[in-house]
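> Here is the input, now give the coordinates:
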Amino acid sequence: MDRVIVVGSGIGGLTAALRLARTHVVTVVTKGRLGESNTALAQGGIAGVLDADDSIEDHIADTLTAGAGLCDAEAVRVLCTDGPDRIRDLAAAGVVFDSAEAGTGETPDPRDPSGWARGMEGAHSAPRIWHSGGDATGRAIVDALIARLLAEATAGRVALRTETMLVDLVLDAGAVAGVSVLGCGGGTEVIPAEAVVLATGGAGQVFAHTTNPAGATGDGLAAAIRAGARVRDLEFVQFHPTALARSGFLVSEAVRGAGALLLDAHGDRFMPGIDPRGELAARDVVALGLHRRMARQNGLPCHLDARAVPAVGERFPTIAAALRAQGLSLSEDLVPVTPAAHYLMGGVVTDLHGRTSIDGLFAVGEVACTGVHGANRLASNSLLEGAVFGARAANAIAAGSTESGRTSSSDAPLLDGRLVDAPSVVSALQPASAPLTRPELQALAWEHLGLERTEEGLTTLLEALDAGRGSERPADDPGTRGLADPRDGVADGVAAVTDGRLGEVEAIETANLTLIARTMAAHALARTDSVGAHVRTDADSRVHASSWSGTGHRTPAEDHEEAATC
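Residues are numbered from 1 along each chain as shown. Model (predicted):
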């Protein structure tokens with residue numbers, strides 16, 4: 001029976017692991033504790049058409065519009081068509097979606113969508129957002145799926161490796177043969193497999209300001225880049241408009257969907273002058289509007305005004321509690337907000353079944369580039385993408401399990417042309433000197449790779465990232481690819497490792513962030529026009545929503561030089 005490693009425990013990874021648990025030998029590897037992921041932090045809901053007065057075609061159109069003409073239309077159709085069934089699967093797995101009958105004393109069937117409450121978010125043409133626990137949808141999904149996974153682990157059908165960090169992919173003749181990981185006790189161990197599913201999330205920690213957790217360091221994306229997998233669209237980083245100033249805590253778009261307004265430092269509402277949809281324009285539009293308004297007011301934050309939203313504290317209990325801890329009241333105060341890096345639209349290129357350009361390697365969730373997001377992700381499509389493509393990747397692995405052709409003549413993996421026993425310990429990491437510390441990298445990335453970019457700034461960033469860079473293995477040399485190498489490899493561009501596992505983890509993470517920032521900057525430099533979340537202020541050409549087919553709105557020029565608003 002084929003061995004499968006799932007790296008990551010967000011919605012995409014958990015969905016894939018559960019679907020394969022009873023037919024394959026599945027190992028789930030996660031850097032922290034089980035379920036620590038961006039999914040668990042998702043306050044917004046999951047988008048999908050579950051009502052007769054909405055349509056899948058409208059969901060498709062909204063997604064294509066938000067993507068500024070750069071979505072893969074076939075992938076979008078798969079997302080929106082498969083989505084409703086995957087949402088029903090979540091309900092069957094134990095996710096209790098919020099009821100429209102809350103407070104009436106009635107107890108509707110938790111598996112019947114007709115009784116669920118619908119929410120509205122930016123750039124959607126109809127209310128099709130489904131929440132659990134108000135603003136704790138991601139946590140509810142993770143908890144339900146983890147409960148199922150733990151049951152499979154107890155039954156011996158899944159092996160769990162927590163506190164275990166992905167170091168690199170291991171390749172055999174160009175195909176995946178497993179992964180090398182850093183476990184709790186230190187030392188790099190190889191886990192063999194015929195298929196690896198990367199579900200490692202995003203790379204928000206590239207930036208000084210992000211809504212992402214500390215562990216979002218792009219480990220899977222960086223490993224895929226080193227292994228030679230195709231990547232795409234890394235210039236498209238979504239900056240969420242409303243992170244709590246100075247903390248990075250996300251104030252969900254659903255609060256604006258419920259009626260909250262954005263005010264500048266003078267108390268004036270400004271979004272309607274930028275886009276006819278006001279606060280419910282697509283995220284790239286709102287984030288850039290906030291960014292430029294803050295620049296006009298000498299960096300002072302703008303404010304979210306939810307004081308007129310009925311029962312706002314009860315509707316968004318997680319947000320209200322977090323704000324109380326900061327001395328703020330969601331229902332009584334103006335909440336200072338700023339944009340922050342939130343979501344990476346690009347990633348490892350996959351087909352409609354999660355397959356990458358490397359045989360045996362799959363990618364799902366934020367680490368993948370399925371093509372559904374284009375230049376700007378439509379709100380609440382990310383949880384849906386993880387569920388839809390996590391299931392499709394699992395189905396593809398199951399369908400090909402008897403004909404993979406990727407196993408060697410032995411049960412042990414091939415490393416550097418040698419058969420070794422598994423698990424095996426390979427040489428300890430010996431990172432080279434770093435051109436930048438992590439805070440320096442993050443500050444430079446925010447300055448030059450943030451909401452507005454120029455050729456000069458991107459070149460400055462690339463020069464800083466390349467300073468002191470050691471020689472690298474040829475890209476076409478598969479012999480040692482995926483293994484720790486004293487010269488560069490995993491450790492390319494990182495500071496010397498301190499004693500202990502924490503020092504090794506930090507060094508690998510910094511290496512990953514350096515590689516990803518370098519690749520992002522190269523992609524951003526190559527795309528000289530502005531589109532979606534990618535804004536080149538030195539661009540000669542701008543792609544506007546009115547210049548491509550779709551239902552997007554062209555925005556007034558004002559002082560807000562909109563890039564493909566949608």
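
> Could you look up the SS state of the residue nearest to Thr200 when sequence neighbours are not counted?
In space, Thr200 comes closest to Gly220 once its chain neighbours are excluded; the distance is 3.0 Å by C-beta to C-beta, 6 or more residues apart in numbering. Heads up, the C-betas are built off the backbone N, CA and C, glycines and all. Following DSSP: H, G, I helix; E, B strand; the rest coil, we place Gly220 in the helix state.

> Now do Gly220 against Ala387, distance only.
Using C-beta to C-beta, to the nearest Å, Gly220 is found at 18 Å from Ala387.

> do Leu70 as well
23 Å.

> and the two? which has more neighbours close in?
Shown here are Leu70 and Ala387; by other C-beta atoms under 10 Å, Ala387 has more neighbours (29 against 20).

> Excluding covalently adjacent residues, which one is nearest to the more buried one?
Using C-beta to C-beta, 6+ apart, the closest residue to Ala387 is Arg86 (4.0 Å).

> that's a helix at that neighbour, yeah?
Yes - judged by three-state DSSP, Arg86 forms part of a helix.

> List the contacts of it.
Arg86 makes contact with Thr15, Gly48, Leu384, Ala387, Val388, Ala391 under the criterion C-beta atoms under 8 Å, 6 or more residues apart in numbering.

> List the contacts of Leu451.
Leu451 touches Phe239, Ala287, Leu288, His291, Pro339, Val535, counting by C-beta under 8 Å, 6+ apart.

> What secondary structure category should be reported for the residue nearest the centre of the chain?
Note on the chain: the residue nearest the mean C-alpha position is Glu366, at 3.2 Å, using C-alpha atoms, centre = their mean. Recorded secondary structure, Glu366: helix (three-state DSSP).

> surely Val251 meets Thr242?
Yes - between Val251 and Thr242 there is a contact under C-beta atoms under 8 Å: 4.4 Å.

> and the two? which has more neighbours close in?
Thr242 (30 against 25).

> after the helix or strand where that one lies, next one along is what?
For Thr242, the host element (DSSP states H and E) is strand 237-244. Using DSSP H and E, the helix or strand that follows strand 237-244 towards the C-terminus is helix 253-257.

> Run through who's touching that next one.
With C-beta under 8 Å, 6+ apart, helix 253-257 has contacts from 43-45, 119-122, 129, 131, 135, 240-242, 262, 279-280, 283, 304, 306, 309, 312, 316, 319, 330, 379.

> Apply 7 Å and report the result again.
For helix 253-257, contacts defined as C-beta atoms under 7 Å, 6 or more residues apart in numbering pick out 43-45, 119-122, 129, 135, 279-280, 304, 306, 316, 319, 379.

> Now, these that are in strands?
Among the contacts of helix 253-257, the members falling in strands (DSSP state E) are Gly119, Ile129, Leu304.

> list the contacts for the second one?
Neighbour list for Ile129: Gly44, Gly45, Ala47, Arg118, Gly119, Met120, Glu121, Ala254, Ser380 [criterion: C-beta under 7 Å, 6+ apart].

> From Asp233, how far out is Gln442?
21 Å.

> ok, back up a step: go ahead and confirm the residue nearest to the centre of the chain touches Gly202.
Yes - in this structure, Glu366 is within contact of Gly202 by C-beta atoms under 7 Å, at 4.2 Å.

> residues shared between the contacts of the two?
Asn38, Tyr343, Leu344.

> Where does pLDDT dip in the stretch 51-200 of the chain?
Low-confidence segments of the stretch 51-200 of the chain (pLDDT under 70): 101-108.

> can you give me the strands for the stretch 51-200 of the chain?
Listed in chain order, the strands found in the stretch 51-200 of the chain under DSSP state E, counting those that start in this stretch are 118-119, 129-130, 158-161, 165-172, 175-182, 188-192, 195-198.

> Return the residues in contact with Asp219.
Lys31, Met165, Leu166, Thr200, Asn512.

> mind redoing it with 6 Å?
Leu166, Thr200, Asn512 (C-beta atoms under 6 Å, 6 or more residues apart in numbering).

> do the same with Ala40
Gly138, Arg139, Val142.

> wouldn't Cys80 be in contact with Ile56 here?
Yes - the pair Cys80 / Ile56 is scored as a contact, 5.0 Å apart, by C-beta atoms under 6 Å.

> quick one: which of the two has more around it?
Cys80 (27 against 16).

> and Gly299, how many residues sit next to it?
Neighbour tally, Gly299, other C-beta under 10 Å: 9.

> Wait, a helix at it?
No - counting by three-state DSSP, Gly299 falls outside a helix, being coil.

> picking up where we left off before, neighbour-wise, give me the winner out of the contacts of helix 253-257.
Most surrounded of these: other C-beta under 10 Å gives Gly45, at 32 neighbours.

> Might one say that that one is in contact with Trp130?
Yes - applying C-beta under 6 Å, one finds Gly45 in contact with Trp130, separated by 4.9 Å.

> Output the contacts of Ile129 as CSV; include the columns distance to Leu502.
CSV is the format used below for the contacts of Ile129 (distance: C-beta to C-beta, whole Å):
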residue, distance to Leu502
Gly44, 32
Gly45, 35
Ala47, 38
Arg118, 45
Gly119, 40
Met120, 43
Glu121, 38
Ala254, 36
Ser380, 35
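
> out of those residues, what pair is the most spread apart?
By the measure C-beta to C-beta, Gly44 and Arg118 form the most distant pair in the contacts of Ile129, at 13.3 Å.

> now stretch 299-309, how far from the centre of its chain.
Averaging C-alpha positions (C-alpha atoms, centre = their mean, to the nearest Å) puts stretch 299-309 26 Å from its chain's average.

> Just the buried positions in it, please.
Going by neighbour count (16 or more other C-beta atoms under 10 Å), the buried part of stretch 299-309 is Leu300, Pro301, Cys302, His303, Leu304, Asp305, Ala306, Val309.

> For Ala375, state which of those is nearest.
Cys302 (23.8 Å).

> Leu290 is in contact with that closest one, correct?
Yes - if you go by C-beta under 6 Å, Cys302 and Leu290 touch, sitting 5.3 Å apart.

> Identify all contacting residues around stretch 226-239.
Against stretch 226-239 from outside (C-beta under 6 Å, 6+ apart): 169, 225, 283, 287, 339, 341-346, 348-349, 356-358, 369, 375, 377, 451, 481-482, 519-520, 523-524, 527, 532-534.

> Restricted to buried residues, select the residues you listed in PyMOL.
Selecting only the buried entries of the contacts of stretch 226-239 in PyMOL, with 16+ other C-beta under 10 Å as the criterion:
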select buried, resi 169+225+283+287+339+341+342+343+344+345+346+348+349+356+358+369+375+377+451+481+482+519+520+523+524+527+532+533+534
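
> and Gly346, how far is that from Phe316?
Applying C-beta to C-beta to Gly346 and Phe316 gives a distance of 30 Å.

> re earlier: which member of the ones in strands among the contacts of helix 253-257 is positioned nearest Ser9?
Of all the ones in strands among the contacts of helix 253-257, Ser9 sits closest to Ile129, with 23.7 Å by C-beta to C-beta.

> Pairing partners for that closest one in the sheet, please.
Here Ile129 sits in beta bridges with Ala47, Gly119, as judged by DSSP bridges.

> How about Ala341?
Beta-bridge partners of Ala341, as defined by DSSP bridges: Thr210, Phe239.

> Would you agree it is in contact with Phe207?
Yes - with contacts counted by C-beta under 6 Å, Ala341 reaches Phe207, the gap being 3.9 Å.

> ok, Gly347 - contacts?
By C-beta under 6 Å, 6+ apart, the residues touching Gly347 are Leu221, Val367, Ala368, Cys369.

> The last one - nearest residue in space that isn't next to it in sequence?
Translated: Cys369. Here the residue nearest Cys369, using C-beta to C-beta, 6+ apart, is Gly347, at 4.1 Å.
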